[in-house]
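# Make a model of this:
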Amino acid sequence: QVQLVESGGGLVQDGGSLRLSCAASGRTLNNIATGWFRRAPGKEREFVASIGWSDFTKYADSVKGRFTISRDNTKNKVLLQMNSLKPEDTAVYYCAVQMFSNEFDNWGQGTQVTVSS
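Just a heads-up that it's a prediction; the model follows:
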């Protein structure tokens, strides 16, 4: 089992930036697919970005060109750099890993991101 802890959320103005961090304990993230998801108030959880075991990255269309997912192998973290934030990016952001299957089956508790207009 791996424990995931997200951090870096907060309140930022429209057009601002934040960097989210997903720290893992119990297992290395270096060779495991890790993803970021978000849930906005009143909406379903949605995919944001992922990085595969081979470092292949994938993004939701809504964040392409603004968000960047990367690994910090020395610290066993996966980062999400979020630039040009918009009010519609407001959500709780979760990281997750594919531990036992090709599905994201191990989740963190989430970190709140609020973008004010």
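
# Excluding chain neighbours, what is closest to Asp14?
Setting aside the residues directly before and after it, Asp14 is nearest to Ser117 in space (CB to CB, 6 or more residues apart in numbering), at 5.1 Å. Placement of C-beta: from N, CA and C, glycine included.

# ok, the one you found touching Glu88?
No - taking CB atoms under 8 Å as the definition, Ser117 is not a contact partner of Glu88, at 9.8 Å.

# still on that earlier bit, and the residue nearest to Asp14, how many neighbours does it have?
9 (other CB atoms under 10 Å).

# do Thr34 as well
Look at Thr34: counted by other CB under 10 Å, it has 26 neighbours.

# do the same with the one 10 residues further on
Summarising burial for Glu44: neighbours were counted as other CB under 10 Å, giving 6.

# And it, what's its pLDDT?
What the model reports for Glu44 is a pLDDT of 97.

# Contacts only, for it.
For Glu44, the contact set (CB atoms under 8 Å, 6 or more residues apart in numbering) is empty.

# three-state assignment of it?
Secondary structure for Glu44, judged by DSSP: H, G, I helix; E, B strand; the rest coil, is coil.

# Pull out the buried positions in the helix or strand Leu4 falls within.
Element membership for Leu4, per DSSP states H and E: strand 3-7. Neighbour-count burial for strand 3-7, counted by 16 or more other CB atoms under 10 Å, picks out Leu4, Glu6.

# After that strand, which helix or strand is next? Please name it.
Using DSSP H and E, the helix or strand that follows strand 3-7 in sequence is strand 10-13.

# Give the pairing partners of that next one; include direction for each.
strand 111-116 (parallel) (DSSP bridges).

# how big is the angle separating the strand it pairs with from strand 3-7?
Using axes from the mean of the first three to the mean of the last three CA atoms, to 10 degrees, the direction of strand 111-116 lies 20 degrees away from that of strand 3-7.

# then strand 111-116 to PDB, C-alphas only?
C-alpha atoms of strand 111-116 as PDB (Å, rounded to 0.1, in the frame of the first residue of the first chain):
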ATOM      1  CA  THR A 111      -6.100  19.700  -1.600                       C
ATOM      2  CA  GLN A 112      -8.400  22.700  -2.200                       C
ATOM      3  CA  VAL A 113      -7.600  25.100  -5.100                       C
ATOM      4  CA  THR A 114      -9.700  28.200  -5.300                       C
ATOM      5  CA  VAL A 115      -9.200  30.700  -8.100                       C
ATOM      6  CA  SER A 116     -10.900  34.100  -7.600                       C
END
